[in-house]
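Asks: I would like the atomic coordinates for the input below:
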Amino acid sequence: MESIVGKEETPFINCEIKDEGMVSIPQGTSIYGLSRQFAHTKQKQILLAKVDGELQDLCLPLLFDCNVAFLDITDSNGFRAYQRSVSFLMIYTVKLLLGKKTRVVINHSINKNFYCDIPGVEIDESLLLRITDKMIELIKSDVPIEKLTLSVSKAIKLSEEWGLYDKVSILRYRRSSTINFYKINDFYNYFYGHMVPSTGYIESFKLTIRQKGFVLQFPSALKDYEIADLPQYNKIGGVLTESSEWAHILKVDTVGALNDVIASGGLNEIMWVSEALHEKKIAYIADTIKQQSRSIVLVAGPSSSGKTTFAQRLCIQLRVNGLKPYAISLDNYFVDRNMTPRDSDGNYDFECIEAIDTKQINADLSGLLEGKTVSIPKYNFIEGRREFSGKNLKLTDDSILVIEGIHGLNEIISGGIPKNKKFKIFISALTQLNIDDHNRIPTTDARLIRRIVRDNRSRGVIAKASIRMWPSVLRGEINNIFPFQEEADVFFNSSLIYEMCVLKHYVEPLLFEINKDEPEYTEAKRLIKFLDYFLSADSENVCQNSILREFIGGSCFHI
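Replies: This next block holds a predicted model:
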């Protein structure tokens, strides 16, 4: 009789697959192996997975019973993984063609595409074609993208070998003794977040010349990997260039460089210069408004841009120019909560134009400019209704109205006022600071962190509620705010290069309150990991009129 001693059957585990049901698989099966069973049921390629609320690469072996959700390019985390993977391939390709120590910089995002530069290299159509052709060749070869856990010392040596000196700077502040790097052939690089398993997962991309660099374009998540035409974005391109110049003035363009400043005790000077740059720009805008003899200033921008504080500071500069400004927030014209429209998820849609009583705001603005006395409302966010406290307003010859709100540039708000009487300002927090050359800080992440802190402090909203609402906020901005940004007379960047070091202290405890079994946990953990790159800083020396005070409290303005 044949002995069976020593033979062990492979144990099985149970996986609850979102939208598919329960399956039993051999212990140690990779997420990729599991995903192959369901690829035929998916309209788009699986790029990433969420296992028990944690984002995971497809290479991860599954060892215990778990819940699994497959993510594709239509999911925000799946899209980020796609962006990182294409970026990784592009950087590797440039180094293959131009030399391993060639520096490639991902500067900022333009409508979910990346503006890039190769310092010291003249970029033309011929070079972009060479890079594109080589990337396509590597995609067709389906080269593995491997995830490796390295000691920090080895990661530093590999970074130096490939000219990734920005990585060396930030690795100095690494608390853990190990770090995850990704590898294509013999090229190692660090990316904040997950990757796809191989270059063959990349279905489309495009390189387009812009200014002195180029834009790495990504496909539309909702249009079957189609690459959309790239508009010029002349005005926002100008403010992004200005932001880069500010970072150059401060000599801080990466988190590693900022941490160096904090560690050496130089943060106060960075704070002072950052705030001075803001004040100088605001003074310039006030001078322009005075010169052009405008009657009404409309300030608009996405959520958590600092519109309220900006409007107050602009009013001060207008007073310096001999004008008598009055600031009005469009938030005070929200319809009552029971009248607020809801989005497709059933949440209140505060971003849509229908959430504003446009008839009343038009009547009030027209009345004020006609010299009438108007009663100005105040919105009670706790109760969800508009209130009148007896605040009346009547303009004089030297008066000027400053209206701020997310819909400020929409003509529905001020259609009854002649265009030559209006001055339009678009404000957003366009981060000029990147983690390193290849890992940019998304503007949306910076604004979400601002919003979590502010909503908890001033509106009694817990962090998971702010995170839950955020996708709806972003959809509203795409539909109701960004289409009007190029109509602005001037742009203002409200980002402060030091703000994450201060916000970290306020937002981390709120994020840690979110439990692992809650849907918002994945996003909370991603933000916690992001904040871990920053050394924290005390808010004591943040000036009282800073835009940052709108979120952390302690502002000298009544906001």
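
Asks: and the top helix by length along the chain, average pLDDT?
Replies: Assignment by DSSP state H gives helix 267-292 as the longest helix of the chain. Taken as a whole, helix 267-292 carries a mean pLDDT of 95.

Asks: mind listing what's buried in stretch 391-403?
Replies: 393, 395, 399-403 (16 or more other CB atoms under 10 Å). (C-beta placed from N, C-alpha, C; glycine too.)

Asks: no, scratch that, I was asking about stretch 148-166
Replies: 150, 155-156, 158-159, 162-164, 166.

Asks: can you dump the C-alpha atoms of it in CSV for me?
Replies: Written as CSV, here are the backbone C-alpha positions of stretch 148-166 (Å, rounded to 0.1, in the frame of the first residue of the first chain):
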residue,chain,number,x,y,z
LEU,A,148,10.4,44.9,-3.8
THR,A,149,10.9,45.7,-0.2
LEU,A,150,14.4,47.2,0.3
SER,A,151,16.4,48.5,3.2
VAL,A,152,16.5,52.3,3.3
SER,A,153,20.3,52.2,2.9
LYS,A,154,20.0,50.0,-0.3
ALA,A,155,17.2,52.3,-1.6
ILE,A,156,19.4,55.3,-1.2
LYS,A,157,22.3,53.6,-3.1
LEU,A,158,20.0,52.6,-5.9
SER,A,159,18.5,56.1,-6.0
GLU,A,160,22.0,57.7,-6.3
GLU,A,161,23.0,55.2,-9.0
TRP,A,162,20.0,56.4,-11.2
GLY,A,163,20.4,60.1,-10.3
LEU,A,164,17.2,60.1,-8.1
TYR,A,165,18.7,62.6,-5.7
ASP,A,166,15.2,63.9,-4.7
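
Asks: among the buried residues of stretch 148-166, which are in helices?
Replies: Those of the buried residues of stretch 148-166 lying in helices (DSSP H): 155-156, 158-159, 166.

Asks: now, which of those sits nearest Arg459?
Replies: Asp166 (37.8 Å; CB to CB).

Asks: in space, what's closest to that closest one - neighbours in sequence excluded?
Replies: The shortest distance from Asp166 to any non-neighbouring residue, by CB to CB, 6 or more residues apart in numbering, is to Asp436 (4.0 Å).

Asks: I'd like to know how many residues surround the closest residue to Lys394 other than its chain neighbours.
Replies: For Lys394, ignoring the flanking residues on the chain, the nearest one in space by CB to CB, 6+ apart is Thr373 at 4.4 Å. Using other CB atoms under 10 Å, Thr373 is surrounded by 10 other residues.

Asks: how far away is Thr373 from Lys391?
Replies: Counting by CB to CB, to the nearest Å, the gap between Thr373 and Lys391 amounts to 11 Å.

Asks: nearest residue to Ala300 other than its sequence neighbours?
Replies: Closest to Ala300 by CB to CB, 6+ apart is Gly408, at 3.2 Å.

Asks: contact partners for the one you found?
Replies: 298-301, 307, 330, 424-425 (CB atoms under 8 Å, 6 or more residues apart in numbering).

Asks: one more time with 7 Å, if that's ok
Replies: 298-300, 330 (CB atoms under 7 Å, 6 or more residues apart in numbering).

Asks: quick one: the helices in the stretch 201-350 of the chain?
Replies: With DSSP state H, counting those that start in this stretch applied, the stretch 201-350 of the chain shows helices at 234-250, 255-263, 267-292, 307-320, listed in chain order.

Asks: any chance of JSON lines for those, columns mean neighbour count?
Replies: Below are the helices of the stretch 201-350 of the chain laid out as JSON lines (neighbours: other CB atoms under 10 Å):
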{"stretch": "helix 234-250", "mean neighbour count": "17"}
{"stretch": "helix 255-263", "mean neighbour count": "20"}
{"stretch": "helix 267-292", "mean neighbour count": "17"}
{"stretch": "helix 307-320", "mean neighbour count": "21"}
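
Asks: among the ones you listed, which comes closest to Thr358?
Replies: helix 307-320 (17.9 Å).

Asks: residues contacting that closest one, please?
Replies: So helix 307-320 is contacted by 282-283, 285-286, 289, 299, 301, 325, 327, 329, 400, 402, 404-405, 427, 492, 494, 545, 547, 549-550, 555, 557, 559 (CB under 7 Å, 6+ apart).

Asks: give me the residue at the spatial middle of this structure.
Replies: Thr444 (2.1 Å; CA atoms, centre = their mean).

Asks: isn't that one up against Leu474?
Replies: Yes - Thr444 is in contact with Leu474 according to CB atoms under 7 Å; the separation is 6.4 Å.

Asks: rounded mean pLDDT for stretch 504-520, please.
Replies: Computed over stretch 504-520, the mean pLDDT rounds to 96.

Asks: excluding its backbone neighbours, what's nearest Asp52?
Replies: Looking at Asp52 with CB to CB, 6+ apart, the closest residue is Cys66, at 5.2 Å.

Asks: checking my notes, Val196 in a helix, right?
Replies: No - in this structure, Val196 is coil, not part of a helix, as judged by DSSP: H, G, I helix; E, B strand; the rest coil.

Asks: and the nearest residue to it once chain neighbours are set aside, backbone torsions?
Replies: Nearest residue to Val196 in three dimensions, chain neighbours excluded: Ser85, at 4.6 Å (CB to CB, 6+ apart). Here is the backbone geometry of Ser85 (degrees, to the nearest 10): phi -70, psi -40.

Asks: show me the contacts for Ser85.
Replies: 145, 195-196, 201-202.

Asks: any idea how far it is from Leu323?
Replies: Counting by CB to CB - Ser85 and Leu323 are separated by 52 Å.

Asks: closest to Leu368 among the buried residues of stretch 391-403?
Replies: Leu395 (5.3 Å).

Asks: for the closest one, give me its contacts.
Replies: Leu395 neighbours (CB under 7 Å, 6+ apart): 368, 371.

Asks: what's the spacing between Leu19 and Leu323?
Replies: That one is not Leu; residue 19 is Asp. 59 Å.

Asks: more neighbours: which of those two?
Replies: Leu323 (17 against 9).

Asks: and that one, what are its phi and psi?
Replies: Residue torsions, per degrees, to the nearest 10, at Leu323 are phi -100, psi 160.

Asks: looking at this, the residue nearest to the centre of the chain is in a helix?
Replies: Yes - assessed by three-state DSSP, Thr444 belongs to a helix.

Asks: care to break this protein down by domain?
Replies: With domains defined by automatic domain parsing, the chain comprises 12-72, 77-217, 234-552.

Asks: tell me the pLDDT of the residue nearest to Ala300.
Replies: Reported pLDDT for Gly408: 90.

Asks: where does it land in three-state SS?
Replies: coil.

Asks: what's it sitting at in phi/psi?
Replies: phi -60, psi -30.

Asks: now it: how far from Leu365?
Replies: According to CB to CB, Gly408 and Leu365 sit 11 Å apart.

Asks: Ile400 too?
Replies: 12 Å.

Asks: for the residue nearest to the centre of the chain, list the residues it contacts.
Replies: Per CB under 7 Å, 6+ apart, neighbours of Thr444: Leu474.

Asks: tell me where the stretch 401-550 of the chain has strands.
Replies: 422-428, 490-493 (DSSP state E, counting those that start in this stretch).

Asks: what helices and strands are in contact with the first one?
Replies: Same thing as strand 422-428. Using 3 or more CB pairs under 7 Å, 6 or more residues apart in numbering; DSSP states H and E, the elements in contact with strand 422-428 are helix 267-292, strand 296-300, strand 490-493.

Asks: leaving out sequence neighbours, find the closest residue to Tyr533.
Replies: Using CB to CB, 6+ apart, the closest residue to Tyr533 is Val255 (4.9 Å).
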